[in-house]
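*Asks:* model the following, please.
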Amino acid sequence: MDNNSNIISWSEEFIKKEIMHIGDLKAKGHTAKYILDLNAFSYEALEHCGLPKSYLVPTAEPQKMSIEEWDAHTSAEHKWEYDGTPFMDRHQRDRVMLGLIFSAGLKHLLEILPSESIQELKKLLILK
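*Replies:* Okay, here's the model as predicted:
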């Protein structure tokens, strides 16, 4: 077995263990908020277990976040740049985005969006 195969095998086993651990937590009645706030599992395992990207629900007005919620919605080191790309992957991008919109509020988002973006957003909402 070459090194790449060993890494893939190890990675698959690691994710399987995370999935089992998440399943145990869910079986014990722990909420998605509790599990996500642990900030202890890979995005792949969380997604496989059907957990949402976030439990935050942005509203029109800004909402406060606890430090635990902020930690769960940002990278472990609070670094957003990686090799010239703002986020390492779509999961991290989506969670940070939801956290920022949650804390700023949807009204503020609309206030800072260019009018062209608002028009695009209207088109997308009509299609939904």
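*Asks:* ok, and the closest non-adjacent residue to N39?
*Replies:* A72 (5.0 Å; C-beta to C-beta, 6 or more residues apart in numbering). C-beta: built from backbone N, CA, C; applies to glycine.
*Asks:* would you mind finding the longest helix in this structure?
*Replies:* In the chain, assigned by DSSP state H, the helix with the most residues is helix 3-27.
*Asks:* now the residue nearest the centre of the chain. Its backbone dihedrals?
*Replies:* The centre of the chain sits closest to R95, judged by C-alpha atoms, centre = their mean, with a distance of 2.9 Å. With angles defined as degrees, to the nearest 10, R95 sits at phi -70, psi -40.
*Asks:* same question for H48.
*Replies:* phi -60, psi -30.
*Asks:* now it, nearest residue through space, not along the chain?
*Replies:* Nearest one to H48, counting by C-beta to C-beta, 6+ apart, is I19 at 5.5 Å.
*Asks:* run through the helices of the protein in chain order.
*Replies:* 3-27, 32-38, 43-48, 67-73, 90-104, 106-112, 115-127.
*Asks:* now render those as a markdown table, adding mean pLDDT and distance to V57.
*Replies:* Converted to a markdown table, those look like this (pLDDT from 0 to 100; distance: least, C-beta to C-beta, whole Å):
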| stretch | mean pLDDT | distance to V57 |
| --- | --- | --- |
| helix 3-27 | 86 | 20 |
| helix 32-38 | 92 | 11 |
| helix 43-48 | 92 | 18 |
| helix 67-73 | 86 | 12 |
| helix 90-104 | 90 | 7 |
| helix 106-112 | 97 | 10 |
| helix 115-127 | 93 | 17 |
